[in-house]
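Undergrad: Dropping a prediction and its sequence here:
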Amino acid sequence: MKQGLLLFAALLFLGCGGGGDDGGPITPPPRVSAPDTTPPGATRDKITADQLANGFSPTNMIHNGFFLPVGEEQPALHDLAGRLSVAAAPMTRNNAGNQAQNTFPGFSLNFFTQDGFLVPVERNIVKPSNRSFWTIICSPGRVWSEASDGGRSRAAFPFVLADQYDNAAHNGVATFVYDDAGVSQLRLQIMQESAAWDIFDAWAQLPMQYAPAAASSFTNERQLFDNERAGRLPIRPLAELGVDADARRVFNAGLPANQITYSAIVKDGVIYQDVPETRLGPFPFPEYLRAGAFSVTKSIGAGLSLMVLAEEFGPAVMDEKVVDWLTVTAGHDGWDQVTFGDCADMRTGIGDISPNRNTHDTFADENKARMSEWGNQLSETGKLSVCWAYGNYPWGPGEVVRYNTTHTFVLSAALKRWAEAQGIAGGDYHSHVLERVLRRIGVVHAPMMRTVESDGSQGSPYLGVGLYPTVDDLAKLGAFLHGGGKLGEEQLLHPDILTQALFRDSEPGHPTGGTINGLPELYRHGFWSFPVAGDGCTVQVPYMSGYGGNMVVIAPTGLVGIRFSDSQNYTIDGMVTILQTLAPFACP
């Protein structure tokens, strides 16, 4: 079971709360009542323009359909360009946390309207005020008008509440009305998550300020958004791929729809996906629905970064030693021979629990107390101090797979210093990979959690967790891997390292000690294998796995299967079965 990063996150939410508070007491939120799951009819009777413009205190959640056009939709009557600002303020939760967890973090971001879209300029993780536990990621929404809005235009956009400690994603949607004179209050609600330990609904209506700017201020950003839209993959219903309701249940392991963040099959450049469900109806902006990747980040963060840097600077990066780039303060010499490749392969030989190699205890140290200590540290120095506190197993590096998220962070910190020595500004290898590869294949935004440094400097990516991908991102990454890491004729990923990660070379990968279908399970460069018995052969099907049940299958036929959920279901048997039915696997 590939969990990666579970226990310390749960302890955080139950124990520390984070965030702090510098603004005095927060007014208690309104009384909670049951959610109204009734979808809208032909006439808008909830989130009216008057309620938004004149102030309103909602006492419950409502169907997501009210955050989209109700009745006859017309184009927006006004343009918007400038800064929207919402201060940190209380929000109502149906299962209350502490004060910081009950506080919407607010934001102050530039937005503009274009061709019916409302576009935030900043699409990365926005740090919170210290009144709130949460960070926030805003994504594009849309603008329109309704006859009952009194000549105003209406806007809505999706957002993610995340936090600084773990890779949680609480998806929400917000709406307001506006005209040339200004904007109304902001109505918001949160009803879907990638955070199985902290499932909640939340809502609020908050004051919002607008500082207009000249439309020409965003000329470059408008062109970038046009390019982004043009590069998005088409989305079609799963039924068009011939996947009926029974096949969907098999693919989704029988999980109910509202436990699944998103689920899709990618074939020939088309995403086949049904609209993601939430506890309050379909998510209004499915193409911008982001999920916490958790340990899927080890594949498309650590593994991919090494492939990019190895192709650009040479494969010797895999053999670089941690001690040559970091000051290791461990009370033993176990790190002396550990390489970057060992960290990516989870074969460092460093750990505390289960020192008998024959126990095949792959997750001996994962999600244990020391990892909780690591999770509570926000700075690079603090996190590394916990990494160095682990003991030394009796075997050396490069021998036994022992999965430990903190070892991927050691790789990140060392890689940052190595990258700076290669001339990458500030050692920011994640931004370098984003510019050199990801944006060129259409993954335009790749929000990544980083350490929080006291001097305000750019921290190290967590790398073992921390990405917030959309389905479109994962589909493009899967196709890129299938295509051998090439963009046209240009090789962007080191072909040998990619071949190893996809279990397509003569070396079998590293046994974890586990078996699937009576065949050995393998791990390499952040990827797992699912062995399938073929006609006189074994086909190794590579896949990514993250906490909660986030699974991405890279089928050898070119298809990609995606299922992100909060179910704690890590099985991919059904995913592999459906992908194999659509395109039978051949022996290598």
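TA: Thanks, I have the structure now. Numbering: from 1, shown residues only.

Undergrad: Break the chain into its domains for me.
TA: For the chain, automatic domain parsing gives the domain ranges 26-229, 233-290+470-582, 296-461.

Undergrad: will you turn those domains into CSV that also has mean neighbour count?
TA: For every residue, glycine as well, the C-beta is placed using N, CA and C. Formatted as CSV, those follow (neighbours: other C-beta atoms under 10 Å):
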stretch, mean neighbour count
domain 26-229, 19
domain 233-290+470-582, 19
domain 296-461, 20
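
Undergrad: Tell me which of those sits nearest to residue 588.
TA: domain 233-290+470-582 (6.7 Å; C-beta to C-beta).

Undergrad: Any idea how far apart the tips of that closest one sit?
TA: Using C-alpha to C-alpha, to the nearest Å, the end-to-end distance of domain 233-290+470-582 comes out at 20 Å.

Undergrad: how close does the residue nearest the centre of the chain get to residue 296?
TA: Closest to where the C-alpha atoms of the chain average out (C-alpha atoms, centre = their mean) is residue 468, at 1.9 Å. Per C-beta to C-beta, to the nearest Å, residue 468 is found 11 Å from residue 296.

Undergrad: swap in residue 414?
TA: Residue 414 is 22 Å from residue 296, by C-beta to C-beta.

Undergrad: Residue 229 too?
TA: With C-beta to C-beta as the criterion, residue 229 and residue 296 are 25 Å apart.

Undergrad: Could you list the low-confidence segments of the stretch 1-150 of the chain?
TA: 1-33, 129 (pLDDT under 70).

Undergrad: switch to 90 and redo it
TA: Scanning the stretch 1-150 of the chain for pLDDT under 90 picks out 1-36, 55-56, 59, 94-101, 127-132.

Undergrad: show me where it has helices.
TA: Per DSSP state H, counting those that start in this stretch, the stretch 1-150 of the chain carries helices over the ranges 7-15, 49-54.

Undergrad: list the helices and strands the shortest one packs on?
TA: When contacts are defined as 3 or more C-beta pairs under 8 Å, 6 or more residues apart in numbering; DSSP states H and E, helix 49-54 packs onto strand 169-179.

Undergrad: if we go to 10 Å?
TA: Packing partners of helix 49-54 (3 or more C-beta pairs under 10 Å, 6 or more residues apart in numbering; DSSP states H and E): strand 153-163, strand 169-179, strand 182-183, strand 186-194.

Undergrad: got a list of what the spatially closest residue to residue 212 that is not a sequence neighbour touches?
TA: Leaving aside its chain neighbours, residue 212 sits nearest to residue 82 (4.1 Å; criterion: C-beta to C-beta, 6 or more residues apart in numbering). Residue 82 sits next to 110-112, 183, 209-215, 217-218 when contact means C-beta atoms under 10 Å, 6 or more residues apart in numbering.

Undergrad: do the same with residue 486
TA: Residue 486 sits in contact with 441, 480, 492-493, 495, 498, where contact means C-beta under 10 Å, 6+ apart.

Undergrad: where are the low-confidence patches of the stretch 401-550 of the chain?
TA: 453-458, 505-509, 513-520, 533-538.

Undergrad: Just the helices from it, written as ranges.
TA: 405-421, 429-433, 471-482, 495-501.

Undergrad: can you pull the alpha-carbon coordinates of the third one into PDB?
TA: By that I understand helix 471-482. Extracted in PDB, the C-alpha atoms of helix 471-482 (Å, rounded to 0.1, in the frame of the first residue of the first chain):
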ATOM      1  CA  VAL A 471      -6.000  16.200 -15.000                       C
ATOM      2  CA  ASP A 472      -4.700  18.100 -18.000                       C
ATOM      3  CA  ASP A 473      -1.300  18.300 -16.400                       C
ATOM      4  CA  LEU A 474      -1.200  14.600 -15.700                       C
ATOM      5  CA  ALA A 475      -2.400  13.700 -19.200                       C
ATOM      6  CA  LYS A 476       0.300  15.800 -20.800                       C
ATOM      7  CA  LEU A 477       3.000  14.400 -18.500                       C
ATOM      8  CA  GLY A 478       1.800  10.800 -19.200                       C
ATOM      9  CA  ALA A 479       1.900  11.400 -23.000                       C
ATOM     10  CA  PHE A 480       5.400  13.000 -22.700                       C
ATOM     11  CA  LEU A 481       6.700  10.000 -20.800                       C
ATOM     12  CA  HIS A 482       5.200   7.600 -23.400                       C
END
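
Undergrad: Determine the set of other helices and strands touching that helix.
TA: Using 3+ C-beta pairs under 10 Å, 6+ apart, helix 471-482 sits against strand 235-236, strand 260-267, strand 270-272, helix 304-313, helix 495-501, strand 538-546, strand 550-554, strand 560-565.

Undergrad: Excluding covalently adjacent residues, which one is nearest to residue 190?
TA: Nearest non-adjacent residue to residue 190 (C-beta to C-beta, 6+ apart): residue 172, at 3.6 Å.

Undergrad: got it, and residue 480?
TA: residue 441 (5.1 Å).

Undergrad: Am I right that the one you found is in contact with residue 474?
TA: No - assessed by C-beta atoms under 10 Å, residue 441 is found out of contact with residue 474, at 11.9 Å.

Undergrad: I'm done for today, thanks for sticking with me.
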